[in-house]
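> fold the following, please.
(chains A and B)
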Amino acid sequence: MSEWHLDPELFEQYEQGVLNPSRVMAVEAHMSACATCRGRVPVDITWLTGNWSIVFDNIHAPQAGPVQRLLTRVGLPEHRFRLLTATPALRWSWLIATLSVVVLAVIAASLSAVGETGGASRLFLVLAPVLPVVAVSGAYGSGIDPMHEITGTTPSAGPALVLWRAISVIGAATALAGVAGLLLPGPGWYAAAWLLPALLLCTGTLALATAWSLQAAAAALGGLWLTGVSWVLGVRSEVFIPLVFGPIAQFVYLAAAAAAVAVLIRRRRHFDLGESR
Amino acid sequence: MTTVTVQGVSKHYGSLTALDGVDLEIGVGVTGLLGPNGAGKSTLLRCLATALGPDSGSIRVRGLDPAVPAQRTEVRRRIGYLPQNPGLYPNFTAYDLLDYVAVLKEVTDTRQRRAEVRRVLDEVELTDRAKTKVRKLSGGMRQRLGLAQALLGDPELLILDEPTVGLDPEQRMLFRALISRIGECRTVLLSTHQTEDVGALCERVVVMSGGRVVFEGSPRELAGVADGQVWLSESPPQGNTAYWRNADGLYRTVGQQPDGAEATRPSIEDGYLMLLGRAAIAEVVR
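So this is what the prediction gives:
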């Protein structure tokens, strides 16, 4: 260790920040090798801790991506975004699976349109209402979310969290299917004809999930829909579209969805782990 | 001061009785819940953590009733829970995961949440692993991260289900030191198969068997259950509750005195074995 130490006058100038850069470098080079002089530098612990925390958070805290910035701009709080992005069905694997189904449905519908005008969009109309249901089934539950038990024992747990997650995945799946619907051949209303059946299946799934698991409810209602419409397609192919997607059918879907919402509101407490089913 | 009161709590899974009229009071400090597989430890902890509603009986956490939805939320604000299989998201970093759980625990202000995440990372000594993905953490570190998420929000009651399972001796020692430090000012209830954990950590021990509480007291009192009933002999005994050959080549027997055996000081494990032997006999008689 050096026998020479910074003289008081030089040290004071260093502390006051009035030294020119080359002398600062010389002083700091000396201090890096001299514990005695280094020890003379007063340390503001509060300042240091505060700055360390800022540096630490900047390195480690999750950074806002373009989607978060967009949603924050339209009013979604940052913490709500954090909550929703951890939803299993909003992970890439789920979104890619949903997107794949949509793309396949559009391709199939477009190809069939070449040879069979009018029946082109049937496949899409049959599949599209199920997509949000599949997404809902991945929103919550012990079989789907590895942290389900931890999540279910926090103050945010319960119906509000389930509904927030369900709405977010329904939104994502509906947006994907909606864009695909616009690409379909056929009359313009085809692009929206699946929305009310999808609403019914989603609300019905959530209502049924107050008694069963979300996955079982989604499988039951999704399966019921696919079986039902396939049967109609088989026996009344010529009137399939008006029968399943016509005005009367749409009204029935809306009324049934309203009934499902009423059941959901009445039985919402069953989404809480702490409730006995 | 009592943190948790459990009165006559029962829980059934179909025809299986997991909890059978459990009565219990737990106060500040570390309490160990000991018992064999299927004794009802995890079910009791899940009921206390509000992950499960009991079929009958009552639970109070600081006087709050988790059976009432509004009070259940209040209870959840006061507890930290580490389940047996916490299932921490493998692709999250330690920091991200804690940030997410902090949101679930209603720490919505970003600055406050980040300070809280830093605090618990520091408490479990994982600050230098904040950026590491969960899947890349060792078993011990993952368990400490699980504990860190339970500590978010500074809960009054910590419920830890088998927190030391699968840890090597060094990690186990680190974990014990951590829990005993945490238990100085909080109520910690942990379940374990390990009598060594109880001896090293717990001021109180509760032994469960067949869904019932069969013992409540200090670890010393648990060892005392086998007072005058632990023996060392040179040959294997006949018809006793349990025996095994120790490192000195002597047979350690818990129960009746074998021929030529000498009495020795009982351990917590001896008391536990003696107790479960009695409980098993009592169950057969009932």
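
> make it CA atoms for all contacts and neighbour counts henceforth
Noted.

> count the neighbours of the closest residue to chain B within the stretch 101-250 of chain A for me.
Residue of the stretch 101-250 of chain A nearest chain B, by CA to the nearest CA: residue A:146 (4.6 Å). Residue A:146: 18 surrounding residues under other CA atoms under 10 Å in any protein chain shown.

> wait, is residue B:17 part of a strand?
Yes: counting by DSSP: H, G, I helix; E, B strand; the rest coil, residue B:17 is found in a strand.

> give me the distance between it and residue B:46.
15 Å (CA to CA, to the nearest Å).

> which one's more surrounded, these two?
residue B:46 (25 against 16).

> related to what we said a few turns ago, which SS class is the residue of the stretch 101-250 of chain A closest to chain B?
Applying three-state DSSP: residue A:146 is coil.

> ditto for the one 10 residues further on
When the structure is split into helix, strand and coil by three-state DSSP, residue A:156 lands in coil.

> got a list of what it touches?
Residue A:156 makes contact with B:73, B:104-106, according to CA atoms under 8 Å, 6 or more residues apart in numbering or on different chains.

> what's around residue A:4, how many residues?
9.

> tell me the pLDDT at it?
With respect to pLDDT, residue A:4 scores 84.

> any idea how far it is from chain B?
Noted for residue A:4: a distance of 37 Å to chain B, by CA to the nearest CA, to the nearest Å.

> returning to that earlier point: weed out the non-buried ones from the contacts of residue A:156.
Using 16 or more other CA atoms under 10 Å in any protein chain shown as the burial test, the contacts of residue A:156 include B:73, B:104-105 as buried.

> ok, those vs residue B:5, which is closest?
Among these, residue B:73 lies closest to residue B:5 (CA to CA), at 17.5 Å.

> okay, now the residue lying closest to that closest one once chain neighbours are set aside: neighbour count?
Closest residue in space to residue B:73, ignoring its immediate chain neighbours: residue A:155 at 5.0 Å, by CA to CA, 6 or more residues apart in numbering or on different chains. Neighbours of residue A:155 under the rule other CA under 10 Å: 20.

> quick revisit: wait, the residue of the stretch 101-250 of chain A closest to chain B sits on residue B:83?
No: using CA atoms under 8 Å, residue A:146 is not in contact with residue B:83; the gap is 11.2 Å.

> specify the local secondary structure of residue B:232.
Per three-state DSSP, residue B:232 ends up strand.

> sorry, back to before: which non-adjacent residue is nearest the residue of the stretch 101-250 of chain A closest to chain B?
In space, residue A:146 is closest to residue B:87, 4.6 Å off (CA to CA, 6+ apart).

> that neighbour: neighbouring residues, count only.
A total of 15 residues lie near residue B:87 under the criterion other CA under 10 Å.

> how about residue B:263?
15.

> what does chain A have sitting close to chain B?
Contacts of chain A with chain B, taken as CA under 8 Å from any CA of the partner chain, map to A:53, A:57, A:60-62, A:78-80, A:82-83, A:86, A:146-147, A:149-157, A:273-276.

> so which of these sit within strands?
With strands defined by DSSP state E, no entry of these lies inside them.

> just the strands from chain B, written as ranges.
B:2-13, B:16-27, B:29-34, B:56-61, B:79-82, B:157-161, B:187-192, B:204-209, B:212-217, B:230-233, B:242-245, B:251-254, B:262-263.

> and the ones you listed: which comes nearest chain A?
Closest approach to chain A among the strands of chain B (CA to the nearest CA): strand B:79-82, 6.8 Å.

> coming back round to it: for residue A:17, state which of the buried ones among the contacts of residue A:156 is nearest.
Of these, the one sitting nearest to residue A:17 (CA to CA) turns out to be residue B:105, at 45.1 Å.

> can you pull the pLDDT of the closest one?
pLDDT, residue B:105: 96.

> any low-confidence regions in chain B?
B:239-242, B:278-286 (pLDDT under 70).

> enumerate the residues of it near chain A.
B:47, B:49-55, B:66-67, B:72-74, B:76-77, B:81-83, B:86-89, B:95-96, B:100-101, B:103-106, B:108-110, B:114-115, B:130-131.

> filter the residues you listed down to the buried ones.
Here, 16+ other CA under 10 Å leaves B:47, B:49-54, B:66-67, B:72-74, B:76-77, B:81-83, B:86, B:88-89, B:95-96, B:100-101, B:103-105, B:108, B:114, B:130-131 buried among the residues of chain B next to chain A.

> which parts of the stretch 51-200 of chain B are helices?
B:69-78, B:94-104, B:110-123, B:139-151, B:169-182, B:195-201 (DSSP state H, counting those that start in this stretch).

> no further queries at this time; thank you.
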